[in-house]
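Novice: fold the following.
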Amino acid sequence: MSIPRPRHLAGTALVLVLALGAGAAMATTPERRDFGIDRLQASLTDGRQLGAGAGTAAILDTGCDPDHPELRGRVAAFADFVDPANRRPLDSRTHGTSVASVIAGRTLGAAPGARVVCLRVVGDRERVGDATLLARDRAALRWVLANRERYDIRVVNLSLGDRIGACTPAPSPLAPQLEALFRAGVVPVMSGGNNGARGGCGVNSYANSPNTLRVGAVFRPSDPAHGLAVTPFSGRGPSRPAGAVYTQADSPTLTAPGDRILVANALDGGRFRDSGTSFAAPFVAGTALALRTLSPQASAAQLRDALLRSAADRGRPGRDRAFGVGVVDPLAAADVLAPGVLPDAERRLDLPATAPRAELPVTTAGPASRSLVIRLDRPSRVRIAAEPALRRRPPGDPQDLFSPTRLSLTRADGTPVPGVGGVPVRDPYFFGITRYGTAYLTSGTRVLPAGSYRLTAEVANPRGLRPYDLVVDVQVIPAGA
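Specialist: Purely as a prediction, here's the structure:
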């Protein structure tokens, strides 16, 4: 489910460009850098790639090209449900190859060491009814269930168009197969649809199954101050009054990058940019395999729960019609799934080599420390703002149940920078504009000399206080600009 776009390699609007320390993977796409995939790669000190030995992703799509440089050595099997007599892997429409590259592409994938199984359920320029497409999808899912142990299949991705109409309240006709796969240890991931809010509700009902991750698409607007936003085409649930509850039947499960994503092109062996929830879904599928690299024994339920519990809440607090439970956050999910694997998720912001803005996500689920190293090659104005945001609305909770977080900024020699940080963030209400709304704590803007600085967010969670999400936003502006 991609959005037609010119196939060019123009620059991206994403700005969280983070240069990581030793052990990081090669410089890759903004999606991998900005959403923490490269940081997860850097945590593997034994030379493995994310996804290596973590399992296989089954992909129901237009097939794939195993000879594409991004996928060479990554395709474990191919099965053709359009032409069952065909045994030769193919992809005449490139969509499946593009999707596979977001999961396991050598430089484009969220899990570049993983393997994929390509199941062709959509042909080239064919005109067949939805009943035929549904029958193929069911047959392919039965194939996945029958072959899950042979190929160690842990994730199944369906970036497919809706066969039954948007926002249909009834369960997906694929629900029995999807739930059977989940019980067998396979996480189902499906695109959320490219209908926007068409007709008042545009979510892909084909994904309406309790344990299927239905993924919407986000992008970063040209004005970075706006943060991440849901793309206009991403399927949304119906508009409802504040406080209304959204469910799996009428909203995305979560969202992921899906605008102008760099993907593999089977038509010419190169790469191009494409948009759609088709490419948000495989980012989540690849992230699941990347997480399983850190926790090889993780079950399907544990992977699903880690992705959902760690998603960064955006939009209306709690699950909403556009973001679902929030935006996928691989680093925070790693903390949930395998605490201690990333004891100090250090990020670096260098000027002028990278974009002068970064976010430091903190999940206050337990004692933790997050740090961002800021290296200034010139005197610069620095603005630091903390944004506590509840993941879910907990009606009736007293205001003192939230984990305290302390921010500090120190020079290279460890001496503190006065007036920047050092403020304990105790709960979102204290700084809140509205109850359960987005809240801000800012240090203001200060001019700092050239040099190296470390911003640290220290979390204490005594007595099991309720966690919340904290995003520390850092903006660096060269003095005189």
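
Novice: just the helices in the stretch 51-200 of the chain please.
Specialist: 95-104, 130-151, 175-183 (DSSP state H, counting those that start in this stretch).

Novice: dump these to TSV, plus mean neighbour count and distance to Ala114.
Specialist: For every residue, glycine as well, the C-beta is placed using N, CA and C. Formatted as TSV, the helices of the stretch 51-200 of the chain follow (neighbours: other Cβ atoms under 10 Å; distance: least, Cβ to Cβ, whole Å):
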stretch	mean neighbour count	distance to Ala114
helix 95-104	32	4
helix 130-151	17	11
helix 175-183	18	17
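
Novice: rebuild the ones you listed as a markdown table, extending it with mean pLDDT.
Specialist: Listed next are the helices of the stretch 51-200 of the chain as a markdown table, based on pLDDT from 0 to 100:
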| stretch | mean pLDDT |
| --- | --- |
| helix 95-104 | 97 |
| helix 130-151 | 96 |
| helix 175-183 | 97 |
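
Novice: same list (these) but as a markdown table, adding distance to Leu158.
Specialist: As requested, those are exported to a markdown table (distance: least, Cβ to Cβ, whole Å):
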| stretch | distance to Leu158 |
| --- | --- |
| helix 95-104 | 10 |
| helix 130-151 | 7 |
| helix 175-183 | 9 |
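
Novice: for Asp67, which of the ones you listed is the nearest?
Specialist: helix 95-104 (9.9 Å; Cβ to Cβ).

Novice: who are the contact partners of the nearest residue to Asp91 once chain neighbours are set aside?
Specialist: Of all residues not flanking Asp91 in the chain, Gly63 sits nearest, at 3.9 Å (Cβ to Cβ, 6 or more residues apart in numbering). Contacts for Gly63 (Cβ atoms under 8 Å, 6 or more residues apart in numbering) come out as Phe78, Asp80, Pro89, Leu90, Asp91, Ser92, Gly96, Thr97, Cys118, Arg120.

Novice: ok, back up a step: out of the helices of the stretch 51-200 of the chain, flag the one nearest Ser205.
Specialist: helix 175-183 (10.7 Å).

Novice: quick one, domains of this protein?
Specialist: Structural domains assigned to the chain are 30-337, 347-478, following automatic domain parsing.

Novice: on that earlier part again, looking at the contacts of Gly63, which is nearest Arg381?
Specialist: Distances from Arg381 to the contacts of Gly63, taken by Cβ to Cβ, are shortest for Thr97, at 45.1 Å.

Novice: that closest one: what's it in contact with?
Specialist: Thr62, Gly63, Cys64, Asp65, His68, Leu71, Asp91, Val263, Ala264, Asn265, Ala266.

Novice: can you list the weak-confidence ranges in the stretch 101-250 of the chain?
Specialist: Applying pLDDT under 70 to the stretch 101-250 of the chain flags the ranges 165-166, 222-227.

Novice: where do the strands sit along it?
Specialist: Per DSSP state E, counting those that start in this stretch, the stretch 101-250 of the chain carries strands over the ranges 115-120, 153-158, 187-191, 213-219, 229-230.

Novice: so for Gln248, which of these sits nearest?
Specialist: Ranking the strands of the stretch 101-250 of the chain by proximity to Gln248 (Cβ to Cβ) places strand 213-219 first, at 7.2 Å.

Novice: can you list the strands that that closest one pairs with?
Specialist: According to DSSP bridges, strand 213-219 forms sheet pairs with strand 187-191 (parallel), strand 229-230 (antiparallel), strand 254-257 (parallel).

Novice: next, the angle strand 153-158 makes with that strand.
Specialist: 60 degrees (axes from the mean of the first three to the mean of the last three Cα atoms, to 10 degrees).

Novice: may I see the buried residues of strand 213-219?
Specialist: Applying a neighbour-count criterion of 16 or more other Cβ atoms under 10 Å, the buried positions in strand 213-219 are Leu213, Arg214, Val215, Gly216, Ala217, Val218, Phe219.

Novice: about what we covered before: among the helices of the stretch 51-200 of the chain, which is nearest Ala288?
Specialist: Short answer: helix 95-104, nearest of the helices of the stretch 51-200 of the chain by Cβ to Cβ, at 9.4 Å.

Novice: between the closest one and strand 187-191, how many degrees?
Specialist: Going by the same axes, to 10 degrees, helix 95-104 makes 130 degrees with strand 187-191.

Novice: centre of the chain to helix 95-104, how far?
Specialist: 15 Å (Cα atoms, centre = their mean, to the nearest Å).

Novice: for the remainder of this discussion, apply numbering that starts at 559.
Specialist: Sure, I'll start numbering at 559, so the last one becomes helix 653-662.

Novice: just the CA trace of that helix, in PDB.
Specialist: Extracted in PDB, the C-alpha atoms of helix 653-662 (Å, rounded to 0.1, in the frame of the first residue of the first chain):
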ATOM      1  CA  HIS A 653       6.600  -3.600  -4.000                       C
ATOM      2  CA  GLY A 654       7.500  -6.800  -2.200                       C
ATOM      3  CA  THR A 655      11.200  -6.200  -2.700                       C
ATOM      4  CA  SER A 656      10.800  -2.700  -1.300                       C
ATOM      5  CA  VAL A 657       9.000  -4.000   1.700                       C
ATOM      6  CA  ALA A 658      11.600  -6.700   2.300                       C
ATOM      7  CA  SER A 659      14.400  -4.200   2.200                       C
ATOM      8  CA  VAL A 660      12.800  -2.200   5.000                       C
ATOM      9  CA  ILE A 661      12.900  -5.400   7.100                       C
ATOM     10  CA  ALA A 662      16.200  -7.000   6.200                       C
END
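
Novice: how far off strand 673-678 does it point, in degrees?
Specialist: Taking the same axes, to 10 degrees, one finds helix 653-662 and strand 673-678 inclined to each other by 160 degrees.
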